[in-house]
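Asks: next input, structure requested:
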Amino acid sequence: MNKKSFLIILFFSINWAAAQTHSGDVLSMKDRAATINMLLEDKVKNYLPDLMRREGIDMWVVVSREYNEDPIIKTLLPAEWLAARRRTVLVFYDAGKGTEIETLAVARYNVGSSFKSAWNKEKQPDQWARLAEIINERNPKKIGINKSEYFGLVDGIVATDHEEFINAIGKKMADRVVSAERLGISWLETRTEAEMAVYPHLIKIGHNIIAEAFSDNVITPGITTTDDVVWWMREKIRELKLVAWFHPTVDVQRADPDNDEGQRSFSTRPGVDIIMPGDLLHCDIGFTYLRLNTDQQQLAYVLKPGETEVPDYLQKALAVGNRLQDIFTNNFKEGRTGNEVLKMSREQAIAEGIRPSIYSHPIGYHGHGAGTTLGMWDSQGGVPVTGDYPLHLNTSYSIELNATVFVKEWNKDIRIMLEEEAHFDETGVWYMDGRMEKIRIVNLKN
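Replies: Residues are numbered from 1 along each chain as shown. Okay, the predicted model is just below:
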């Protein structure tokens with residue numbers, strides 16, 4: 001671990017401990033900003049050079065205009081900047097191994113501590129001309145821009161900026177312009193040591209929210225609806241000074257033959273139900289904090305009168321889902337594509353008598369992040385292009401899947417839908433805050 005990463009981890013740990021007067025507290029806005037800025041500076045200085053060299057790009061140009069931001073530039077701005085200003089152009093230049101990458105802002109302002117302004121409008125009124133000067137002075141071999149047909153998060157340069165950029169730099173340099181697709185993905189998907197000191201805290205907060213939502217503090221069987229719990233989650237996220245990146249869902253599976261939640265297409269949201277004793281509840285919730293995202297699904301059972309535990313047949317159904325998780329994550333290997341992992345995992349699960357559906361995705365700066373797609377709920381045979389992207393170490397994923405299990409006691413199939421954040425490194429795949437191995441219990445109110 002480098003010194004900078006160590007200091008960030010130490011800073012975060014001290015401030016987190018000070019903030020945690022009870023489970024779920026978060027850093028002040030001031031401390032969040034300081035943490036975000038240190039994480040950014042560490043990643044630009046200590047990780048980006050290797051990524052640029054790995055992908056063979058010695059100059060990376062990121063262009064964005066105010067309120068029409070490139071998704072990547074939003075991950076490069078300091079915490080105090082809530083949007084780009086005017087037209088913001090960031091330039092990364094790698095002069096070769098043994099040197100630090102040069103980071104410039106072709107803008108009227110310094111962009112945080114990482115990017116120094118390299119444009120004096122009084123000396124050179126034309127911003128594009130100044131960018132062309134910077135490029136010609138450094139004479140890069142490959143100039144990467146954020147343009148991609150298949151990966152939306154790295155297709156951020158807009159048509160006007162692209163046209164003006166190409167015209168400004170001239171034919172000689174325009175011939176060296178390439179897609180920065182793989183570099184952009186690498187930047188977005190790579191998690192640093194310092195980020196991974198932070199990330200498990202987010203997942204713990206999410207688990208705490210779910211635990212409270214699926215409790216008799218929130219649910220009164222026979223009165224509370226699934227929609228009540230959904231909106232309680234939204235309010236709780238805001239109460240913690242966080243932001244949901246999608247509207248949560250809560251759904252019900254029950255013995256009632258008219259309940260068909262186990263067969264609902266994921267193209268539609270679940271309907272609104274009154275929560276009753278004997279229900280198997282499922283939620284899907286995610287929020288953003290410190291520029292990182294969560295995306296979690298867990299289960300809870302509403303006890304019937306006289307019950308003190310989850311019925312054994314439901315706990316056994318969860319064990320099938322856990323087994324599917326193990327099969328899937330054990331197939332992660334550096335260099336394997338998402339489609340390869342999906343195919344191997346499905347074949348192994350089916351051979352064991354499991355009925356699987358796997359639709360996992362990268363997570364980090366975005367909830368549905370850039371990187372290796374590992375199935376989609378409606379593409380279980382593989383996903384072209386994004387599913388062919390290989391797994392890299394030091395990347396994080398929402399392990400999202402379900403197993404269909406026949407429950408004899410209900411005389412019907414149910415779906416065990418699970419989603420937990422996990423990290424993939426040289427040790428394998430590990431869950432950032434554990435995983436659900438026991439269904440939560442909602443007690444009846446006295």
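Asks: element containing residue 136?
Replies: In the assignment (DSSP states H and E), residue 136 maps to helix 127-138.
Asks: quick check, central residue of this structure?
Replies: Nearest to the mean C-alpha position of the chain, counting by CA atoms, centre = their mean, stands residue 363 at 2.1 Å.
Asks: shouldn't it be in contact with residue 395?
Replies: No. Using CB atoms under 8 Å, residue 363 makes no contact with residue 395, being 9.2 Å away. Quick note: C-beta positions are derived from backbone N, CA and C, even for glycine.
Asks: can you show me the strands along the stretch 1-150 of the chain?
Replies: Along the stretch 1-150 of the chain, counting by DSSP state E, counting those that start in this stretch, strands occupy 59-65, 87-93, 102-105, 116-117, 143-145.
Asks: neighbouring strands - and their directions - for the third one?
Replies: With DSSP bridges as the criterion, the sheet partners recorded for strand 102-105 are strand 87-93 (antiparallel), strand 116-117 (parallel).
Asks: possible to save those as TSV with distance to residue 155 and mean pLDDT?
Replies: Below are those laid out as TSV (distance: least, CB to CB, whole Å; pLDDT from 0 to 100):
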stretch	distance to residue 155	mean pLDDT
strand 87-93	17	93
strand 116-117	27	87
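Asks: return the most buried member of the ones you listed.
Replies: strand 87-93 (a mean of 24; mean count of other CB atoms under 10 Å).
Asks: I figured residue 56 hits residue 142, correct?
Replies: Yes. Counting by CB under 8 Å, residue 142 is a contact partner of residue 56 at 6.4 Å.
Asks: these two: which is more packed in?
Replies: residue 142 (16 against 12; other CB atoms under 10 Å).
Asks: test my guess that the more buried one contacts residue 55.
Replies: No. Using CB under 8 Å, residue 142 is not in contact with residue 55; the gap is 9.2 Å.
Asks: pLDDT below threshold where in this structure?
Replies: Along the chain, the parts satisfying pLDDT under 70 run over 1-24, 83, 262, 264-267, 446.
Asks: cutoff 50 now
Replies: Scanning the chain for pLDDT under 50 picks out 18-23.
Asks: break it into its domains for me.
Replies: Domain assignment for the chain by automatic domain parsing gives 48-187, 191-442.
Asks: show me the helices in the stretch 51-200 of the chain, by range?
Replies: For the stretch 51-200 of the chain, applying DSSP state H, counting those that start in this stretch gives helices covering 127-138, 159-174, 181-189, 193-213.
Asks: can I get the ones you listed in TSV including mean neighbour count?
Replies: Output for those, formatted as TSV (neighbours: other CB atoms under 10 Å):
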stretch	mean neighbour count
helix 127-138	18
helix 159-174	14
helix 181-189	24
helix 193-213	21
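Asks: out of those, which gets nearest to residue 420?
Replies: Ranking the helices of the stretch 51-200 of the chain by proximity to residue 420 (CB to CB) places helix 193-213 first, at 7.8 Å.
Asks: could you tell me the angle between whichever helix or strand comes after the closest one and helix 193-213?
Replies: Next helix or strand after helix 193-213 toward the C-terminus (DSSP H and E): helix 226-239. Angle of helix 226-239 versus helix 193-213, following axes from the mean of the first three to the mean of the last three CA atoms, to 10 degrees, is 140 degrees.
Asks: counting contacts, what elements does helix 226-239 pack onto?
Replies: For helix 226-239, the packing partners by 3 or more CB pairs under 8 Å, 6 or more residues apart in numbering; DSSP states H and E come out as helix 193-213, strand 243-244, strand 249-253, strand 280-285.
Asks: can you lay out those as a markdown table showing distance to residue 433?
Replies: Shown next, in a markdown table, are the helices and strands packed on helix 226-239 (distance: least, CB to CB, whole Å):
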| stretch | distance to residue 433 |
| --- | --- |
| helix 193-213 | 4 |
| strand 243-244 | 19 |
| strand 249-253 | 21 |
| strand 280-285 | 14 |
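Asks: mind checking the ones you listed for the one nearest to residue 184?
Replies: Across those, the minimum distance to residue 184, taken as CB to CB, is reached by helix 193-213, at 17.4 Å.
Asks: which strands and helices sit next to that closest one?
Replies: Packed next to helix 193-213, using 3+ CB pairs under 8 Å, 6+ apart, are helix 3-19, helix 29-46, helix 226-239, strand 280-285, strand 287-289, strand 292-293, strand 296-302, strand 412-425.
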